[in-house]
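In: got a structure for you, letters missing:
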């Protein structure tokens, strides 16, 4: 069964992030049920959770290579596609994980 954890809020703006409102009780129940029935969903959930943990909790790329090796064994095509994109800009991805600053809010305003 998947270990469901709450998604982080957007502390910079003091309001819940868009993703944090996606997992209400009913949705968590659906996800848990899907995890019981589908090995690829469990696998994808674990890989995505591990990536989120590295990025949002650890703020470190230390385990990124280990995570990438785990994705090599994955049968989930979407994960492989995501990793392929990450590898194209691996240096930038590592910097984003390791450095505490981000120009994300500025980019969001510029690209609206």
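Out: Nice, I can see it. Source: prediction; values computed, not measured. Residues are numbered from 1 along each chain as shown.
In: CA only for contacts and neighbour counts going forward, please
Out: Will do.
In: Could you break this protein into its assigned domains?
Out: Listed by automatic domain parsing, the domain ranges of the chain are 1-37, 39-99.
In: ranking those domains by mean pLDDT, which is last?
Out: Lowest mean pLDDT of the domains of the chain: domain 1-37, a mean of 62.
In: for this protein, what spans make up the helices?
Out: Using DSSP state H, the helices of the chain run over 25-37, 39-52, 64-72, 77-88, 90-98, 104-110.
In: now those in CSV, with mean neighbour count and distance to residue 58?
Out: Shown next, in CSV, are these (neighbours: other Cα atoms under 10 Å; distance: least, Cα to Cα, whole Å):
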stretch, mean neighbour count, distance to residue 58
helix 25-37, 14, 24
helix 39-52, 16, 9
helix 64-72, 14, 11
helix 77-88, 13, 18
helix 90-98, 15, 8
helix 104-110, 9, 18
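In: mind checking how far residue 52 is from residue 26?
Out: 22 Å (Cα to Cα, to the nearest Å).
In: likewise residue 78?
Out: As judged by Cα to Cα, residue 78 and residue 26 stand 25 Å apart.
In: Then residue 96?
Out: 33 Å.
In: now residue 38
Out: Residue 38 sits 18 Å away from residue 26, going by Cα to Cα.
In: per-residue pLDDT, residue 100?
Out: pLDDT, residue 100: 68.
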